[in-house]
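Got a predicted structure here, sequence first:
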Amino acid sequence: MNQALQTLIDRGFVKACTDYDALSALMDEGPVTLYVGVDPTGSSLHIGHMVPFFAMHHLQKAGHNLIALVGGGTAMIGDPSGKSEMRKMLTIEQIRENSASIKDQIGTVIDFNGGEGMGTAVMHNNADWLLDLNYITFLREIGRHFSVNRMLTFESYKQRLERGLSFVEFNYQLLQSYDFHILHQKEGCRLQIGGDDQWGNIVSGIDLIRKLGGEQCFGLTFNLITRADGHKMGKSEKGAVFLDPALYSPYDFYQYWRNVNDEDVVRFLKLFTFLPLDQIARYEGEGADINEAKELLAWEQTKIIHGKDEADKARSAAQALFSTDAGISTENREGMPSITVERSELEQGIGVLDLFSRTDLAKTNSEARRLVTGGGAWVGQQRIDDPRSTIDLSFLDEAGEILLRAGKKRYFRIVIV
RNA sequence: GGAGAGGUUCCCGAGUGGCCAAAGGGAGCAGACUGUAAAUCUGCCGGUUAUACCUUCGAAGGUUCGAAUCCUUCUCUCUCCA
């Protein structure tokens, strides 16, 4: 088996392949150009979106060439795969903006600038060829190769048939197949990768290329990443774990990984870090230091996405906060989410409820009240259980700040100006 | 085009004139236990200037002392027929 392909299998990415042997042989021959589709319907990706890119990272290092295809054209239609509702349509302008920020985020895992011994990486947008399509021409040249009977047997369409599926969405498969065809023609792309839910679309693309007289192409799908508790990967209590630091702070990002289930740690280390497998193997089996593994996972992952500085900050903040009574220096507070409060305002005293609801710890006054009466609100080392309490200068700590805490793990820093 | 069923709080889902801010479950938050894990148990779970008031049961009107519940129109979804 080809080395790079084997790496993906060993790290737990691979779910299925259209032809392992032939693909392996092709990859042995030399660099292969492959692509993955990216959905530009949001301004930020979340970690669940990143799986194919982590896989691509390994492939790029092995010298293969990558294409990230932004679905600027298809996003204007919507993808039925696994979606229970029709997506809202976006303007071209929105899609362009989203694509730009998404490229930056993908760039943390694969290298668009290439490098010594590495494959190249580029981004394309299928709007470039989809928007100009002529309906009749498309039907004549592409549409005639598709069988509705066959399409209806696909699981993703079956589900949608129960709930309703619009004609535009039904066409998605043709467009994605067409994308593959175009990339094959123009860029010599031979392989499409994607989530397990893309299997049908990928296979259709391969068939289309063959029918149009192209080379044999391949599909490789990845496991849908699940969590031991059955939640969707990348979703947290707060919603999706976005990569954009403005939407999900690096500190919280670190915490998300620090708090994964025991059963998930090793699997995630393989998928979401670049650590060599023999190093990860140490954490397998009974008796392994599971907490050390989680810390490593959180740090590595934060480093990859947000950079080493942020990862260090998040880690030292976390260590200070969770270790017994170690002082919390100003330095290791930096990674924490914070707001500022005027000194003069604090002199007058601010109601606890007011203060908490200004932070992300409580969205509303009522929520803050619940937190306080429930015994989960802390100011510094002091538990506040009276909702009428006011917080004033006497609560300032050695660093001249106030640390709010909700429950055991959620911290917020109040900086005085 | 015709007939029927239905739209309830984050999700599922009860509720068919006052006892409804609306059962139950899930999710979530907090407390206990722990390892910043899981499981379990307990409390909370629309908003506010908080023993009261305000906004919510697809939308707009109407009946009534009183409507998520009754009537009218509109709208969306689903099923069956053509």
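That came in fine, so what should we check first? This is a predicted model, so every value here is computed, not measured.

The stretch 1-150 of chain A: strands as residue ranges?
In the stretch 1-150 of chain A, the segments counted as strands under DSSP state E, counting those that start in this stretch are A:14-17, A:33-38, A:65-70, A:121-125.

My understanding was that residue A:5 contacts residue A:23; is that so?
Yes. Residue A:5 is within contact range of residue A:23, at 6.7 Å (criterion: CB atoms under 8 Å). Every residue, glycine included, has its C-beta placed from N, CA and C.

so which of the strands of the stretch 1-150 of chain A comes closest to RNA strand B?
Taking CB to the nearest atom of the strand, strand A:14-17 is the member of the strands of the stretch 1-150 of chain A nearest to RNA strand B, at 25.0 Å.

Tell me who's in contact with the residue of the stretch 251-400 of chain A found nearest RNA strand B.
Closest to RNA strand B within the stretch 251-400 of chain A is residue A:376: 2.5 Å, counting by CB to the nearest atom of the strand. By CB atoms under 8 Å, 6 or more residues apart in numbering, residue A:376 lies in contact with A:406, A:407.

Just the local confidence number for it, please.
The per-residue pLDDT reported for residue A:376 equals 91.

Residue A:397 too?
Per-residue pLDDT puts residue A:397 at 85.

Which secondary structure state does it sit in?
Under the three-state scheme (DSSP: H, G, I helix; E, B strand; the rest coil), residue A:397 adopts coil.

isn't it right next to residue A:413, touching?
No. Assessed by CB under 8 Å, residue A:397 is found out of contact with residue A:413, at 10.5 Å.

ok, those two, which is more surrounded?
A side-by-side neighbour count of residue A:397 and residue A:413, using other CB atoms under 10 Å, places residue A:413 first with 22 against 13.

Surely that one touches residue A:341?
No. Between residue A:413 and residue A:341 there is no contact under CB under 8 Å: 10.6 Å.

Quick check: neighbours shared by these two?
Counting by CB under 8 Å, 6+ apart, nothing touches both residue A:413 and residue A:341.

Mind giving me the packing neighbours of the helix or strand encompassing residue A:208?
If you go by DSSP states H and E, residue A:208 is part of helix A:199-211. Counting contacts by 3 or more CB pairs under 8 Å, 6 or more residues apart in numbering; DSSP states H and E, helix A:199-211 packs against helix A:155-163, helix A:172-187, strand A:191-195, strand A:218-222.

now check the next helix or strand after the first one, is it near RNA strand B?
Elements were assigned by DSSP H and E; along the chain past helix A:155-163, the next helix or strand is helix A:167-170. No. Judged by CB under 7 Å from any atom of the strand, helix A:167-170 makes no contact with RNA strand B; its nearest approach is 11.6 Å.

picking up where we left off before, between residue A:397 and residue A:413, what contacts are shared?
Jointly contacting residue A:397 and residue A:413 under the rule CB under 8 Å, 6+ apart are residue A:403.

quick revisit: nearest to residue A:219, out of the strands of the stretch 1-150 of chain A?
strand A:14-17 (7.0 Å; CB to CB).

buried set for the closest one?
Neighbour-count burial for strand A:14-17, counted by 16 or more other CB atoms under 10 Å, picks out A:14, A:17.

contacts for it?
Residues outside strand A:14-17 that contact it (CB under 8 Å, 6+ apart): A:8, A:23, A:196, A:199, A:218, A:219, A:220, A:221, A:222, A:223, A:224.

avg pLDDT for it?
Confidence for strand A:14-17, expressed as mean pLDDT, is 95.

now stretch A:241-252
Throughout stretch A:241-252, pLDDT has a mean value of 87.

residues in contact with that stretch?
With contact meaning CB under 8 Å, 6+ apart, stretch A:241-252 is reached by A:43-48, A:50, A:101, A:105, A:108, A:234-235, A:238, A:240, A:253, A:256, A:302, A:305-306, A:310-311, A:313-314, A:317-318, A:335-337.

if we can go back for a sec, reformat the helices and strands packed on helix A:199-211 as a markdown table; add distance to residue A:246 and mean pLDDT.
As requested, the helices and strands packed on helix A:199-211 are exported to a markdown table (distance: least, CB to CB, whole Å; pLDDT from 0 to 100):
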| stretch | distance to residue A:246 | mean pLDDT |
| --- | --- | --- |
| helix A:155-163 | 33 | 67 |
| helix A:172-187 | 31 | 94 |
| strand A:191-195 | 26 | 95 |
| strand A:218-222 | 28 | 96 |
